[in-house]
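>>> No letters, just coordinates:
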């Protein structure tokens, strides 16, 4: 039996988008791969990301913000950069068989312009739902399922 592939969701600070992607992937597709998230740097876990994921029953509160350097010992079959900065600065040592940029809007940046807490959270919710759709469908469209890799 073939080992499950390693999949990394990479972002700038591993605080929001990559954390949500890891949470969704583990919740929806855990049987398909070993899922991880990391940042080019560590920025800490975003409390709004934790909150909006909890609203849909996905607990990421125990996740840790990690730097990609902490994963030098792993070889990734897939690396999904969830922001432009991570895509352009993705380290070569990740050994990814497939690298893709799947950039999502930055909820913390959008929330800065929000007139209320609810409006701010709506930015997080929208991106959360876009990431879920990506995990359910687009993420694996080229090979139908990671288990076939």
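Sure thing, it's come through. As the structure is a computational prediction, the values presented were derived from the model and not from experiment. Numbering: from 1, shown residues only.
>>> which residues are contacting the helix or strand hosting residue 131?
Here residue 131, judged by DSSP states H and E, is contained in helix 117-136. Helix 117-136 is contacted from outside by 16-17, 20-21, 24-25, 28-29, 48-49, 51-53, 55-56, 82, 102, 104-105, 107, 110-111, 114, using CB atoms under 8 Å, 6 or more residues apart in numbering. No exception for glycine: its C-beta is placed from N, CA and C like everyone else's.
>>> The spatially most central residue of the chain and residue 116, how far apart?
Residue closest to the average C-alpha location in the chain (CA atoms, centre = their mean): residue 18, at 2.5 Å. According to CB to CB, to the nearest Å, residue 18 stands 26 Å off from residue 116.
>>> try residue 52
Noted for residue 52: a distance of 15 Å to residue 116, by CB to CB.
>>> Could you do residue 59 as well?
Taking CB to CB, one finds residue 59 at 26 Å from residue 116.
>>> Buried ones in the helix or strand of the chain with the lowest mean pLDDT, by neighbour count?
Within the chain, no helix or strand scores below helix 84-89, which has a mean of 79 by mean pLDDT, DSSP states H and E. Judged by neighbour count using 16 or more other CB atoms under 10 Å, the buried positions of helix 84-89 are 85, 86, 87.
>>> Closest one to residue 9 out of those residues, please.
Nearest to residue 9 among the buried residues of helix 84-89 is residue 86, at 9.1 Å by CB to CB.
>>> dump the residue contacts of that closest one.
Going by CB under 8 Å, 6+ apart, residue 86 touches 10, 11, 12, 18, 39, 40.
>>> and residue 44, how many neighbours does it have?
11 (other CB atoms under 10 Å).
>>> With the flanking residues excluded, which residue is spatially nearest to it?
Nearest-residue entry for residue 44: residue 65, 5.0 Å, with adjacent residues in sequence omitted and distances by CB to CB, 6 or more residues apart in numbering.
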